[in-house]
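Visitor: Okay, predicted coordinates and the sequence, questions at the end:
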Amino acid sequence: MKVRIVLLAVFSILFSSCEKMLDVTSSRLVSEENMWLKQEDARAGIMGVYGLARAALGDNTRHWLYGDVRKINGMGTDFKSTVRLDIRAIADNNLKSSLPVVKSLANWRRFYAVINAANIFIERAPNILNTDPRYLPVDLRLDIAHARLLRAFTYFYLVRIWGDVPFIISSHGAQFENKPREDQKKVLAFVESELLSAATDLPYAYDKGNIEQPRPSYYAPEEELARKSSAYAILAHVYAWEGKYAESAYWSRWVIDNMTSPYMGGQNQFRNSVDGVRKMFRGEFGNNQFNVIFGFSRMFYNGETFINGSLEELTLAAPYILNKSLPAIYVPKDSIRAIYNEAGDLRFSINALTGTPLSDETFGAFDRTIPIFTKVFIVRDNFAPVNTTTGPGSDGSIATFGSSTVFTRPEDMSLLLAEASVVLGDYETAKTQLNECRTRRGLVAYNAQVHGSLIDAIFTERRKELIGEGWRWYDYIRYKKIKNDDPAFGSLISSGAIYWPIADDVMSQNPLLKQYPYWNNN
């Protein structure tokens, strides 16, 4: 109970500090002067940054609306809206809509709250060394590594959505200085440097005798926390986004090769079966903790589940959620058949004799006009009993959702290494990594005569494997950049159309900000 009270106080301090930055009147439960004194304050502080990062991704389900819904010229994602006009606006690239959810998604305040919280921690936590002898320099070094990683990750997230963004690496006290957008190349250079530095001080795993963590952790739960592999996996994606594929290949390979570290339990523990993917999304990572290279959990037992903020809010409906007739988003049947068009695919395939799906691991209710996306399916009724063996249960009548937000996992890394290898001309590595994923999903090895070009096959596999995980839009951008055969799309990139516009209220607060040309004309 004491830790929860401290965490509540920290959230108030960290988020209200960002409110000051945005000219919003703040209120606090405790003063900052009384906060940074004890080891418990450090723990609560860093968990507060993690909590704000998770909240930012879950707010209005923005992680999925950014990554799985947006399109340009009808291209980019597989999900469609049923009745929600705001989701339809995002799918139609009408991102200056006045609809509340669209306006909220155009506002980057949630992400700068994470950055400001990390800045405050980095500035104030060292004071605890002088006031609490239990808090050791090695503890501070590890805590700072977490803060730097979360700040870097958030800046990468901002750049993918808005391109050039204001660059702030200090908390600025009570006054926030308006800043213009900074060139994203400078921001990403900082992200690269921070991730490399953070990785040096992060362990392979917690409480496993790593030199980076010489004494038992005071963190809990340990599976929530970033590790070395987390930093290098994010870094591999940063380099891929920048088109620096030699660096992306190096670090994605590092992550894959180090799955066999004695601290990590061996490679077999990492590779997910189709059913393992579903289990991976459980709020309690548990035995699947190493299958999530970086992500944010939602734990039923810590009261972290809600009726919103998870993918299930968008995708589940009857017969799985009894009080909801239609999902907010779905993948049309024709699209499902086109995506999963190979016999024997364990994720989804059709019985050739009966015309019915062989399982509902990825899609259910296929006999209905609108099928249900069931790959991520972590539901609990508010008053349902909990089975200590099987975990939370539900009949779907009063549902709360508890799926983890998984940013990256081993299959993502394998396919990212395959992508980088193709660009670099290392086709054998690309085929090996692609086939590692294909054969685990019941498919035959890649054959150019059947599956087309290697780069197309890799992105097709990413589409199949990572559907509903927030990757489709960003994959599409990278794919178009690699192909470089669409001048019209190149124009969309240069005009800023691939990014979101800045929210009007943010623009009005900061006269130094400028929209990209595309959004000044649309």
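Guide: Arrived safely.
Visitor: drop to CA atoms for contacts and neighbour counts, all remaining ones
Guide: Noted.
Visitor: which intervals of the stretch 251-400 of the chain have sub-threshold pLDDT?
Guide: Low-confidence segments of the stretch 251-400 of the chain, defined by pLDDT under 70: 261-271, 283-290, 299-308, 380-399.
Visitor: which stretches of it form strands?
Guide: Taking DSSP state E, counting those that start in this stretch as the criterion, the stretch 251-400 of the chain carries its strands at 294-296, 329-330, 363-364, 372-373, 379-381, 386-387, 391-392, 399-401.
Visitor: With I477 as the reference, measure out to D456.
Guide: Separation of D456 from I477 (CA to CA, to the nearest Å): 13 Å.
Visitor: residues touching R110, list them.
Guide: Counting by CA atoms under 8 Å, 6 or more residues apart in numbering, R110 makes contact with 52, 55-56.
Visitor: and these, which of them are in helices?
Guide: The helices, defined by DSSP state H, take in 52, 55-56 from the contacts of R110.
Visitor: backbone phi and psi for the residue nearest to L314 when sequence neighbours are not counted, please?
Guide: Excluding the flanking residues, the one nearest L314 by CA to CA, 6 or more residues apart in numbering is A328, at 4.8 Å. Backbone dihedrals for A328, given as degrees, to the nearest 10, come out at phi -70, psi -40.
Visitor: Got the domain ranges for this structure?
Guide: 1-201+499-522, 298-403 (automatic domain parsing).
Visitor: out of these, which comes closest to P214?
Guide: Shortest distance between P214 and those, using CA to CA, is found for domain 1-201+499-522: 8.0 Å.
Visitor: avg pLDDT for that closest one?
Guide: Mean pLDDT, domain 1-201+499-522: 86.
Visitor: ditto for stretch 429-442
Guide: 96.
Visitor: in that stretch, what counts as buried?
Guide: Buried positions in stretch 429-442, judged by neighbour count with 16 or more other CA atoms under 10 Å: 429-438, 441.
Visitor: Export these as CSV, with columns for distance to P214 and secondary structure.
Guide: Listed next are the buried residues of stretch 429-442 as CSV, based on distance: CA to CA, whole Å; DSSP: H, G, I helix; E, B strand; the rest coil:
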residue, distance to P214, secondary structure
T429, 37, helix
A430, 38, helix
K431, 40, helix
T432, 37, helix
Q433, 35, helix
L434, 38, helix
N435, 39, helix
E436, 36, helix
C437, 36, helix
R438, 40, helix
R441, 40, coil
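Visitor: Show me which of those is closest to E313.
Guide: Using CA to CA, R441 comes nearest to E313 of those, at 27.0 Å.
Visitor: tally of neighbours for T408?
Guide: 20 (other CA atoms under 10 Å).
Visitor: isn't it right up against G295?
Guide: Yes - T408 is within contact range of G295, at 6.9 Å (criterion: CA atoms under 8 Å).
Visitor: Give me the common contacts of these two.
Guide: Counting by CA under 8 Å, 6+ apart, T408 and G295 have no common neighbour.
Visitor: Nearest residue to the residue most central in space within the chain in space, please, no chain neighbours.
Guide: Most central in the chain under CA atoms, centre = their mean is F407, positioned 3.4 Å from the mean C-alpha point. Using CA to CA, 6+ apart and skipping residues adjacent in sequence, the residue nearest F407 is G295, 5.1 Å away.
Visitor: which residues touch the nearest residue to T315 once chain neighbours are set aside?
Guide: The shortest distance from T315 to any non-neighbouring residue, by CA to CA, 6+ apart, is to P327 (5.0 Å). Applying CA under 8 Å, 6+ apart, we find P327 in contact with 82, 314-317, 372.
Visitor: can you put those residues in TSV and add distance to L202 and neighbour count?
Guide: Below are the contacts of P327 laid out as TSV (distance: CA to CA, whole Å; neighbours: other CA atoms under 10 Å):
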residue	distance to L202	neighbour count
T82	44	14
L314	35	20
T315	35	23
L316	37	28
A317	41	23
I372	39	25
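Visitor: so can I have JSON lines of these showing distance to M507?
Guide: JSON lines is the format used below for the contacts of P327 (distance: CA to CA, whole Å):
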{"residue": "T82", "distance to M507": "32"}
{"residue": "L314", "distance to M507": "30"}
{"residue": "T315", "distance to M507": "33"}
{"residue": "L316", "distance to M507": "36"}
{"residue": "A317", "distance to M507": "38"}
{"residue": "I372", "distance to M507": "39"}
